[in-house]
Structure formats: structure tokens, C-alpha cells
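Trainee: I would like to see how this sequence folds:
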Amino acid sequence: MTVILFVEDDAVCRRSIAHFLRLSGYEIHEAENGEAALSLLATMQFDVVSDMNLPGKLKGIDILDALKAIDHNIEAILITGRGSEEIKSKANSLGADYVEKPVQLRELESTLQRRVGR
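Mentor: Alright, predicted model coming up:
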């Protein structure tokens with residue numbers, strides 16, 4: 001089973017998307033901010049789906065930078081409510097996809113299948 005760390009500060013959004021992904025066959029671990037995500041990443045290997053705009057010092061792109069320093073084979077998808085060519089370019093340069101908010105669950109699932117399989 002593919003193990004995903006889902007990072008989203010909006011608790012309702014995080015729980016509902018995590019529930020959908022579990023029903024889709026993924027093992028999901030949740031974090032509410034970048035600091036919590038990095039703590040979990042120190043304990044085991046995950047592929048990551050993360051909101052881009054998180055509270056605190058660490059944003060989604062910072063998590064992605066840290067991930068790629070640990071293992072270049074880790075797959076990542078960034079979620080953003082403010083899509084721009086700059087964000088898309090940065091995500092792509094780090095080997096990540098990105099999905100715009102509001103998240104379409106089937107689009108997220110399709111992107112995950114393409115990136116990590118199941």
C-alpha cells in the first residue's frame with residue numbers, strides 16, 4: 001500500500017480529503033503544518049501531498065525542498081489556491097505536480113495514480 005503524508009492546515013479539508021484517499025486505497029498520515037510534516041518525515045518514508053500555503057515558517061515548497069534533500073525518489077503533489085506560473089515552475093523544477101483549489105477529488109486521485117501508482 002502506498003503511504004502518503006497529507007499536509008493541510010484546514011482541518012475539515014484535511015479530514016475529508018484524507019478520508020477520500022483512504023477509500024481510494026492509500027495509507028494516509030496527516031499533518032497540519034510544515035513543522036509537523038517534517039517531524040513525521042523523520043520517522044518514516046512517505047510520498048507527500050501538501051498545501052502550498054501553510055501557517056508557520058515552513059510552506060509547502062519548503063517541505064518539498066526538504067523531501068528532495070532526503071530522497072530524490074519521493075513523489076510530491078502541491079495543492080494551491082493561488083496558482084501561478086512561478087509556483088508551477090518551482091514545483092516542476094523540484095519534480096512535483098500541483099493541483100489547484102478547490103480540489104477536485106478525482107483530479108487529485110488521478111494525479112496520485114500517475115505519480116505513485118497503487
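Trainee: what about residue 112, helix or strand, and which?
Mentor: Taking DSSP states H and E as the definition, residue 112 sits inside helix 105-116.
Trainee: now that helix, how far from the centre of its chain.
Mentor: Remark: helix 105-116 is offset 11 Å from the chain centroid, using Cα atoms, centre = their mean, to the nearest Å.
Trainee: ok, now stretch 92-110?
Mentor: Its chain's C-alpha centre and that of stretch 92-110 lie 9 Å apart, by Cα atoms, centre = their mean.
Trainee: now residue 109. Nearest residue, chain neighbours left out?
Mentor: In space, and not counting its chain neighbours, residue 109 is closest to residue 24: 5.4 Å by Cβ to Cβ, 6 or more residues apart in numbering. C-beta: built from backbone N, CA, C; applies to glycine.
Trainee: right, and that neighbour touches residue 111 too?
Mentor: No - Residue 24 is beyond contact range of residue 111, at 11.8 Å (criterion: Cβ atoms under 8 Å).
Trainee: where does the protein have its least confident helix or strand?
Mentor: Lowest mean confidence among the helices and strands of the chain (mean pLDDT, DSSP states H and E): helix 85-93, at a mean of 83.
Trainee: what residues does it touch?
Mentor: 52, 61, 64, 76, 78, 80, 97-98 (Cβ atoms under 8 Å, 6 or more residues apart in numbering).
Trainee: one more: stretch 26-38?
Mentor: Applying Cβ under 8 Å, 6+ apart, the external contacts of stretch 26-38 come out as 1-9, 11, 14-15, 18, 21-22, 39-40, 46, 48, 50, 54-60, 62-63, 66, 112, 118.
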